[in-house]
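Colleague: fold the stuff below for me.
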Amino acid sequence: MSDDAQDISAEQALLGSVLLAPDLAAPSLLAVPDTAWWRPLHATIATVITGRLRRNQSVDPQLVLSDLLGRRGIDS
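Modeller: Have a look, this model is predicted:
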C-alpha cells in the first residue's frame, strides 16, 4: 500500500458519524492523528470537533458549524 493512501469517503463517514452520534463515534475520531486527514477542510472540521470533545462541550452540527464559521479562512 502507498504511503499517501487516501480515502475521502472514510473521512466523510467518520466526521458524519461523530456529528450524528458523538458518544459512539468520538473515540474513533480521537484516535485519528491530525496528520492523517487528506483534505484540509476535513482536518479543520476534525480539529473543531476534537476541541469540543476535549473541552467536554456538546457536539452537534449547528455548534460545529458556528465554530467553523468563526474561524478564519472558512467560508459559508
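
Colleague: what's the spacing between the residue nearest the centre of the chain and Ile8?
Modeller: The residue lying closest to the centre of the chain (CA atoms, centre = their mean) is Ala46, at 2.1 Å. Using CB to CB, to the nearest Å, Ala46 is found at 13 Å from Ile8. No exception for glycine: its C-beta is placed from N, CA and C like everyone else's.

Colleague: check Val64 too.
Modeller: 19 Å.

Colleague: between those two, tell me which one has more neighbours.
Modeller: It is Val64, of Val64 and Ile8, that has more neighbours when counted by other CB atoms under 10 Å, with 20 against 11.

Colleague: in the longest helix seen in the chain, what's buried?
Modeller: Taking DSSP state H as the criterion, the chain has its longest helix at helix 40-54. The neighbour-count check on helix 40-54 (16 or more other CB atoms under 10 Å) flags 42-46, 48-50, 52-53 as buried.

Colleague: do I have it right that the residue nearest to the centre of the chain meets Ser17?
Modeller: No - using CB atoms under 8 Å, Ala46 is not in contact with Ser17; the gap is 11.9 Å.

Colleague: from Leu14, how far off is the nearest residue to the residue nearest to the centre of the chain once chain neighbours are set aside?
Modeller: Nearest residue to Ala46, sequence neighbours excluded (CB to CB, 6 or more residues apart in numbering): Trp37, at 6.0 Å. Trp37 is 10 Å from Leu14, where distance means CB to CB.

Colleague: thank you kindly, that will do.
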